[in-house]
Structure formats: structure tokens, C-alpha cells
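Visitor: Could you work out the structure for the sequence below:
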Amino acid sequence: MLHWSVIKTGRSASRLAGIIFLFTIIAITADAQSGKLPPFRMIQANGQLFKAQQLPMGKPILLVYFSPGCDHCEKLLQQMRKHRQHLEKLSVVLITYWPVKDVAAFVKQFSLQQYSNFYIGTEGNSFFVRSYYHLEKLPFMALFTKNGALVTQYHSEHGWNNLLQQIKNLK
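Guide: You can find the predicted model right below:
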């Protein structure tokens, strides 16, 4: 026979779990709306875990959400390589949801291993960053100050020229 206190406790535990989940979603949404760098985690092409907290302190950050098979993303990367001297003062984070093997092929294809300030990896099927920004099309770019505050964001490679100007204006 099931005792009433067990049922009541089960409901309380379930209710508590729901409340915790709700507050977690609210906190993530508040961070996104406040314009802070998301606390992402990704697996790099070399298989190593990399977290947002590992980015060098005191450097502006350019976060790019991309897809290795996306023509627009490749065009953006070509623009980034063309203007690499303006990106040297930044930490450039390229995140995708594609598998590590595809990230590794992308890094090799564009010789990205030569850029010590580029951090490239996959968030896999967690879709944390993708959900954080409610992304529907790629590439997505977000520029942050050296303190991690959002400067601007673009939901297409067509924002590159404006973004480049914002990068040049960073102190």
C-alpha cells in the first residue's frame, strides 16, 4: 500500500525539479538578453574540450556560429582570412554543431591551425549556443568587448563590413 506522504513527496520533488528547470531557462535567457558571452563548451578538432572560461582575459572576442558545409560560412571565412590583421587582437571562436571529424576537415581545408587566436570546435547536439541566440540561419557573428559585453551581432555574412568597422573601432 502506497502511503500518502510518499505521493505528496513525489509531487513535491517533481514540482521542485520543474521550478529549478524554469529558473535555469530564465537565467540563460537573461544572460542572452543582457549581452554577455555565453558559457559555451565545445570539442576542438584535436578532440580536446574547450570552455569559454579558457579564452584569454582582456581580449575582445568574435564568436562565429557556422556550418562547414555552408557556402555563406565559407565566404565569411574567406573575408576573415583576407582581413586577418584586424582579427589578430581578438580571440576568434568558431562553433558548429557538426561532428568533430568535419570540424577537423574544415580546419585543415582553410589552414586555420596557423591562427593561434582561433578556437574552433563543435558543441555537438547540445545546441547550447544555437539555442542561446535562437539561431535559424548561418553564419551568425557576435562581437564582444574585452570584458565580455556584447558590442554587436549579425545573423548573416552580409554584416561583415559593418562588423569589420566595429572591430577596427575596438580599443
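Visitor: I'd guessed Thr152 sits against Asn162; true?
Guide: Yes: with contacts counted by CB atoms under 8 Å, Thr152 reaches Asn162, the gap being 7.4 Å. In short, each C-beta sits where N, CA and C put it, glycine included.
Visitor: Looking at these two, which is more packed in?
Guide: Thr152 (15 against 12; other CB atoms under 10 Å).
Visitor: Show the contacting residues for that one.
Guide: Taking CB atoms under 8 Å, 6 or more residues apart in numbering, we find Thr152 in contact with 142-143, 162-163, 166.
Visitor: 10 Å instead, please
Guide: By CB atoms under 10 Å, 6 or more residues apart in numbering, Thr152 lies in contact with 35, 141-144, 159, 162-163, 165-167.
Visitor: hang on, it is in a strand, isn't it?
Guide: Yes: judged by DSSP: H, G, I helix; E, B strand; the rest coil, Thr152 forms part of a strand.
Visitor: Run through the bridge partners of it.
Guide: Beta-bridge pairing for Thr152 (DSSP bridges): Leu143.
Visitor: what's the spacing between it and Cys73?
Guide: 19 Å (CB to CB, to the nearest Å).
Visitor: again, but for Phe128
Guide: 19 Å.
Visitor: Show me which of these two is the more surrounded one.
Guide: Per other CB under 10 Å, whichever of Phe128 and Cys73 has more neighbours is Cys73, with 21 against 17.
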